[in-house]
Each structure stands twice: as structure tokens, then as C-alpha cells.
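Structure of the sequence below:
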Amino acid sequence: MPFVGKMRRDANLKHLFTGPRTGQPGRPRLYDGKVSLRDFTRWEALPWADECMVYTVVAYSVSLKRPVRVVALVWPGAGRPRVEVLFSTSTTMTAATIIKLYRARFSMEFPFRDGKQFAGLSECQSRQVESLHPHWNMALLAVSAARLSQLQDQRACPLVFSMEDEKRRAYNEFFVGRILSILAVKPTDENCRKLIGELLTLGVKAA
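A predicted model of the protein is given here:
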């Protein structure tokens with residue numbers, strides 16, 4: 001599977017040699033100089049909707065010891081432009097796909113955070129792979145089910161997901177239902193339903 005990540009601004013990259021072979025004996029030429037992350041004349045410029053300029057090139061990474069697709073996002077500023085260097089181990093992956101996948105990584109961290117804090121993702125005591133995989137799958141499935149529940153709830157639009165908030169809403173709903181069952185009161189009045197709706201969000205906070 002291809003890996004998408006971020007590189008240092010002083011990453012050691014080399015241009016791949018694409019010229020004709022000389023026909024002379026010996027090892028053919030592989031590289032064509034070091035890649036500059038300040039001069040993008042040898043890069044391919046791409047149109048982009050953001051304020052930044054996007055450049056891409058296929059280069060050889062010395063640290064990874066393999067060719068990679070490199071994408072540079074150059075943000076103009078008063079001083080030196082800010083450069084963000086992304087890469088993919090798949091040289092055929094487009095620059096737009098690399099940027100989209102890397103920007104999605106931050107939102108992908110939240111299911112693992114919620115899984116660890118609220119779904120017991122890291123609490124399995126087994127060392128067998130056959131036991132670890134079902135445990136991890138069920139923990140992440142619980143987070144996905146909670147996220148789906150908030151997606152289907154009109155009150156959560158636009159969605160600001162929090163596993164802690166979902167647990168709080170479920171507890172509040174159970175607690176309010178328990179009180180109403182004891183009092184034998186039916187929430188038929190509009191004001192009563194409004195107050196109950198406020199009670200269901202008691203203690204809920206942003207993610």
C-alpha cells in the first residue's frame with residue numbers, strides 16, 4: 001500500500017535522469033542533480049484553488065532509498081515563503097490525491113483517540129493476534145456506530161463528533177426516561193419537550 005506523509009524542508013532528494021543513454025560501458029546515469037526546495041523551475045506547476053502554489057516532481061529520496069512523488073505547497077508571505085513538502089511512495093499518485101489524503105490524516109486521529117479513551121481500544125490483555133484483531137475491530141466499530149448515531153441526529157448538524165458527548169447524551173436520555181417513568185408524566189406539552197431537549201444536552205461539550 002502506498003504511504004503518504006510529510007517531509008522536512010531540507011529533505012535530501014535527487015532528480016531522476018531522464019536523458020538518453022550514452023551507450024558507453026558502465027553503470028547508466030540514474031540521477032540529475034539535487035532537488036531544490038527553493039527553486040521550483042524544474043518542478044511541474046499545478047493550478048490550485050487555495051492561496052498557495054503547488055508544485056510536484058518525481059524524485060529519488062535518499063533516506064527512503066526509493067523514488068517518490070513529491071508535492072510542495074508554497075505559501076506566499078511578507079518574508080520567506082512557507083513551504084510544506086508532502087510525498088507519496090506511489091509515483092503515479094496525483095498531487096491532488098496526496099494533498100487530500102494528508103489533510104484527512106488529522107481527522108482520522110479522532111477515532112483512534114476516542115477508541116482509546118472511551119471504547120477500550122488499548123485495554124486488551126491478550127498477546128495473540130487472533131484475539132487482538134477482533135478486539136480492535138469492535139472498539140473502532142463502537143466509535144463508528146456512535147458517529148453514525150450523531151450523523152443521523154438532526155441536532156448534530158453540522159457534525160461536531162465526540163465520543164464523550166455521545167455517552168453523555170445516552171446517559172442523560174436514560175436518566176430523564178427513568179425520572180419520567182417514576183413520575184408517570186408524559187412529555188406532551190411543547191414547553192416540557194423543550195426542557196427535556198435541554199436536559200439531554202446537559203454536560204455536552206465540543207470535541
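
Quick check: buried residues in stretch 89-106?
For stretch 89-106, the neighbour count (16 or more other C-beta atoms under 10 Å) marks 89, 90, 93, 95, 97, 98, 99, 101, 102 as buried. Where you see a C-beta, it was placed from the backbone N, CA and C, and this is true even at glycine.

again with stretch 58-76
59, 60, 61, 64, 67, 68, 69, 70, 71, 72, 73, 74.

can you redo those as TSV with pLDDT?
Converted to TSV, those look like this (pLDDT from 0 to 100):
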residue	pLDDT
59	93
60	94
61	93
64	91
67	94
68	94
69	95
70	94
71	93
72	91
73	90
74	87
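
Which one of those residues is nearest to residue 48?
Residue 48 lies nearest to residue 73 out of the buried residues of stretch 58-76, by C-beta to C-beta, at 8.1 Å.

In this structure, where is pLDDT below threshold?
Applying pLDDT under 70 to the chain flags the ranges 78, 153-161, 184-207.

what about 80?
Within the chain, the stretches with pLDDT under 80 are 19, 21-24, 26, 47-51, 76-81, 106-108, 110, 149-166, 168-170, 176-207.

Helices along that one, start to end?
Taking DSSP state H, the helices of the chain run over residues 95-118, 129-152, 163-183, 190-200.

got a list of contacts for the first one?
When contacts are taken as C-beta atoms under 8 Å, 6 or more residues apart in numbering, the neighbours of helix 95-118 outside the stretch itself are 4-6, 46, 54, 56, 69, 71, 73, 86-88, 121-122, 139-140, 142-144, 146-147, 161-164, 167, 207.

repeat for the second one
Helix 129-152 is contacted by residues 111-112, 114-115, 118-121, 124, 126, 156, 159, 161, 163, 165-167 when judged by C-beta under 8 Å, 6+ apart.

got the buried residues for that helix?
135, 136, 139, 140, 142, 143, 146, 147, 150.

Just put those residues in TSV and tack on distance to residue 19.
Shown next, in TSV, are the buried residues of helix 129-152 (distance: C-beta to C-beta, whole Å):
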residue	distance to residue 19
135	54
136	49
139	53
140	49
142	56
143	52
146	56
147	52
150	56
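
circling back to that earlier point, wait, which of the helices of the chain is closest to residue 20?
In terms of C-beta to C-beta, the element of these nearest to residue 20 is helix 95-118, at 27.5 Å.

rewinding a little: identify those among the buried residues of stretch 58-76 that sit within strands.
Taking DSSP state E, the ones among the buried residues of stretch 58-76 that sit in strands are 59, 60, 61, 67, 68, 69, 70, 71, 72, 73, 74.
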